[in-house]
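*Asks:* Got a predicted model here, sequence first, then my questions.
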Amino acid sequence: MKRGLPLIIAVVTAVLLAAGWLQAGGLKNRAVRSGSTPDAAARALLTDIQARNWDRAYADLDHSNDIQQADFVREIAGTDGSLRTYSSLQGYDVWPVHADANHATMRVRFNWSSALGSLDEVRDLSVVRDSGAWKVVWPKPNFAKVPLSVLPVNYLRWDVIGRRSDDWGAATVDSPQVRILSMNAVDRPDSVVIVGEVENEDTVPAYINISATLLKPDGSPLAQQDSFDVISHSLLPKQVAPYRIDFPGARLSQVKSVRIDAHPLLIPASADPIIAVENQNVSKDALGRTILTGALVNQSGQIVNIAQVLAVFYDASGKAIWVSDGYVDQALMPQGPVPFAVDIPADVASRMHDYHVVVNHYTAPTA
Amino acid sequence: MRIPTPTVLMLLVSGFTILSVAQNPALQLPPTAVAGKPLAISASGQGKGMFYLIGPAGVLKQAVDFGQDISISGEDLTISGMYQAVACGPDGCTNKTIQVQPSDPARLNFLLHPSRVPVSAHNAVNATVLVFDRYRNTVLAPTKVTFRISLAKQAVSERSILTTRGVAWFGMDSRPTQGALEVTATLGEASEPRVIQQVASEACHLRMTATSNGRTVNLQTDPIRDCAGNPLPDGTIVSFTKLDSAGKSTVDTPIKKEKATAQFTVSGRARISVACGVVVGNEVALGGGL
């Protein structure tokens, strides 16, 4: 009896541990780890990426393309204060596109949880069979290599100095003069959306926010919203930027008119960095959605940590019909192109005649 | 002695007024007085009593001997407006009102608006002056204010305007030349200068030229000026747009020393356009255009 009780406790503990392992998907993980199928290999890699287990994720890859672990980790985990460094892989979907005896293509939808909300990314991963096991061929990242050089940057900067006087009429500086160039109320399946463009008409930089109020037929307000982050808040002199204001749950049939207000503030700003938007094209992504793609080129000498792309789409008459936005999860290194893509709703894509892209950026202050 | 609770005292005085009778002390005072100037009030009657002077911003209380003049110092009359004088004796109270006028104009507040204005804008500059005496009472009597308008390298002009109920104002067009516009409002010894910036208006005849070096195209605008010939300030954004077989490329670049520059890599035939704000410039076709 003295030996019986410890033995029973040990057996029960072992049974419970085994049950827990099974419950946690141990068998499944073991199957996944083995790379017995292309799907299993892809899921094993994604599980490791989700757990930020870089060593095991890299070990699971096919190394025939000579990919380096540092490059792989840099691409997945991000660097230089990019949005990816503030993100984690929240979830993923995997489905096959093509498979034969030794090669398969798996389509993966990554769902990243970032500091600025959820970001989706779709990639086709090539999976190959090697010595009986399937392994993912991760494309070798192509980071821009800029030769060491000195880039003189001498663009203008505006500072706001002194303090406001409380005396009426005392010399002061007015807020910047901005103008709303266009405004269009669009009925969406689940919301009313106000889109348009705004211009800083002044000779000083402006920080701008736009608010809109939907008015009922009796003139009373139905809802009020502001542009939040779908606008380029900092506008340099004569800069034109799109804005979008969403009213979830509202219907255009409920709206008699829209009251829109721009709220400009005088701010210090710099004309640097300049970000070019190159090779813009409308195409279809792997899921068949219409997207606007291109590349951002930071022409400055400073790293831009987080960039946001805002694209306004016009119909044949030049009226703004939609504004799309998307964050770029890579940092913009000086002189190096970084690809971007933003969605275009199907109904907008069919009516779209032209578009204009602007870039919003955030650069962390340097010490 | 000043009592800083006029509301309570107003109630008291109202009570005194209701209780006043014909035998009460009589007050004799001029219909008007001037802010900051001493005032003598004659209080006829006999015996001792209490005198109250209730003004727009405070109450004065002092013991008095009826039959003698009550002296009010100028410091107790610095705020213009309606005052109520109340004298209370053993048999009740009596009261009278007096209007205290602002003293001579001595200072002014000057608002010149806006602080930045595009050149040649119609009626875009507004100058407003409020006239006060030395105690910051608004001087309601018509007063002549002189405005001296000066712009660098241009003749100085003057105009005089009479105030209406303490306010003088005028509107004017901005000048066709950019630079600081100084307007000085003068009233006797008081003078208040204000400066606003007249800035270039929209770009006019925006034009760029392209020089090609293989696949690279360098673009440079001519000096960017408004229709009056004023250069647009540095930092103003100019947008270049290129359309070729690789797609559309855009870059927003600031003006530096009156010009904006950009560089594109071109694939095949291309069309490049330039714009500044809502002003569209010329278009350049490379390789025959698209």
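*Replies:* That came through, no problem. What you see is a predicted model; the values in this text were computed from it and never measured. Residues are numbered from 1 along each chain as shown, chains lettered A, B, ... in the order given.

*Asks:* tell me the SS of residue 229?
*Replies:* No chain specified, so I'll use chain A. coil (DSSP: H, G, I helix; E, B strand; the rest coil).

*Asks:* that's the other chain; I wanted chain B
*Replies:* Following three-state DSSP, B:Gly229 is assigned to coil.

*Asks:* residue nearest the centroid of chain B?
*Replies:* Nearest to the mean C-alpha position of chain B, by C-alpha atoms, centre = their mean, lies B:Leu111 at 2.2 Å.

*Asks:* Report pLDDT for that residue.
*Replies:* pLDDT, the model's per-residue confidence, is 92 for B:Leu111.

*Asks:* ok, it touching B:Val125?
*Replies:* No: counting by C-beta atoms under 8 Å, B:Leu111 stays clear of B:Val125, with 11.2 Å between them. Every C-beta, even on glycine, is put in place using the N, C-alpha and C of the backbone.

*Asks:* circling back: helix, strand or coil for the residue nearest to the centre of chain B?
*Replies:* Relying on three-state DSSP, one would call B:Leu111 strand.

*Asks:* remind me which residues of the stretch 51-200 of chain A are low pLDDT?
*Replies:* A:163-171 (pLDDT under 70).

*Asks:* Quick check: residues of the stretch 151-300 of chain A near chain B?
*Replies:* Neighbours of chain B within the stretch 151-300 of chain A, by C-beta under 8 Å from any C-beta of the partner chain: A:154-156, A:158, A:167-169, A:171-174, A:177, A:181, A:199, A:201-205, A:236-240, A:271, A:274-281, A:294, A:299.

*Asks:* ChimeraX command for the buried members of the residues you listed?
*Replies:* Only the buried entries of these go into this ChimeraX selection, using 16 or more other C-beta atoms under 10 Å in any protein chain shown:
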select /A:155,156,158,169,171,172,173,177,181,199,201,202,203,204,205,236,237,238,239,240,271,274,275,276,277,278,279,280,294,299
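
*Asks:* ok, residue 56 - contacts?
*Replies:* Let's take chain A. Contact analysis of A:Arg56 by C-beta atoms under 8 Å, 6 or more residues apart in numbering or on different chains lists A:Asp48.

*Asks:* that's the wrong chain, I wanted chain B
*Replies:* Contact analysis of B:Pro56 by C-beta under 8 Å, 6+ apart lists B:Ile79, B:Ser80, B:Gly81, B:Met82, B:Tyr83.

*Asks:* What count of nearby residues applies to the fourth one?
*Replies:* Which is B:Met82. By other C-beta atoms under 10 Å in any protein chain shown, the residues close to B:Met82 number 11.

*Asks:* in chain B, which spans are helices?
*Replies:* For chain B, the helices defined by DSSP state H cover B:6-19.

*Asks:* Which residue, other than its chain neighbours, is closest to A:Asn305?
*Replies:* Excluding the flanking residues, the one nearest A:Asn305 by C-beta to C-beta, 6 or more residues apart in numbering or on different chains is A:Gly81, at 3.9 Å.

*Asks:* one step back: just the ones in strands from the residues of the stretch 151-300 of chain A next to chain B, please.
*Replies:* Those of these mapping onto strands are A:Trp158, A:Leu181, A:Glu199, A:Val240, A:Ile275, A:Ala276, A:Val277, A:Glu278, A:Asn279, A:Gln280, A:Asn281, A:Gly294, per DSSP state E.

*Asks:* how far is the top strand by length along chain A from where the chain is centred?
*Replies:* Looking across chain A with DSSP E, the single longest strand is strand A:117-130. Its chain's C-alpha centre and that of strand A:117-130 lie 16 Å apart, by C-alpha atoms, centre = their mean, to the nearest Å.

*Asks:* In the sheet, which strands lie alongside it, parallel or antiparallel?
*Replies:* Next to strand A:117-130 in the sheet, as set by DSSP bridges, lie strand A:103-114 (antiparallel), strand A:133-137 (antiparallel).

*Asks:* List phi and psi for A:Arg289.
*Replies:* phi -80, psi 150 (degrees, to the nearest 10).

*Asks:* should've said B:Gln178
*Replies:* Note on B:Gln178: its backbone torsions stand at phi -80, psi 160 [degrees, to the nearest 10].

*Asks:* If the closest residue to chain A within the stretch 51-200 of chain B is in a bridge, with which residues?
*Replies:* Closest residue of the stretch 51-200 of chain B to chain A, C-beta to the nearest C-beta: B:Leu111 (3.6 Å). As for beta bridges, B:Leu111 partners with B:Thr128 under DSSP bridges.

*Asks:* Which residues are in contact with B:Ser122?
*Replies:* Just to correct that, residue B:122 is His rather than Ser. Applying C-beta under 8 Å, 6+ apart, the residues contacting B:His122 are B:Asp173.

*Asks:* Now do it, the pLDDT please.
*Replies:* Reported pLDDT for B:His122: 94.

*Asks:* With A:Ala367 instead?
*Replies:* Reading off the model, A:Ala367 has pLDDT 50.

*Asks:* Contact partners for the residue nearest to A:Asn200 when sequence neighbours are not counted?
*Replies:* In space, and not counting its chain neighbours, A:Asn200 is closest to A:Leu235: 3.8 Å by C-beta to C-beta, 6+ apart. By C-beta under 8 Å, 6+ apart, the contact set of A:Leu235 is A:Pro176, A:Val178, A:Val198, A:Glu199, A:Asn200, A:Pro205, A:Ala206, A:Tyr207, A:Ile208, A:Ala241.
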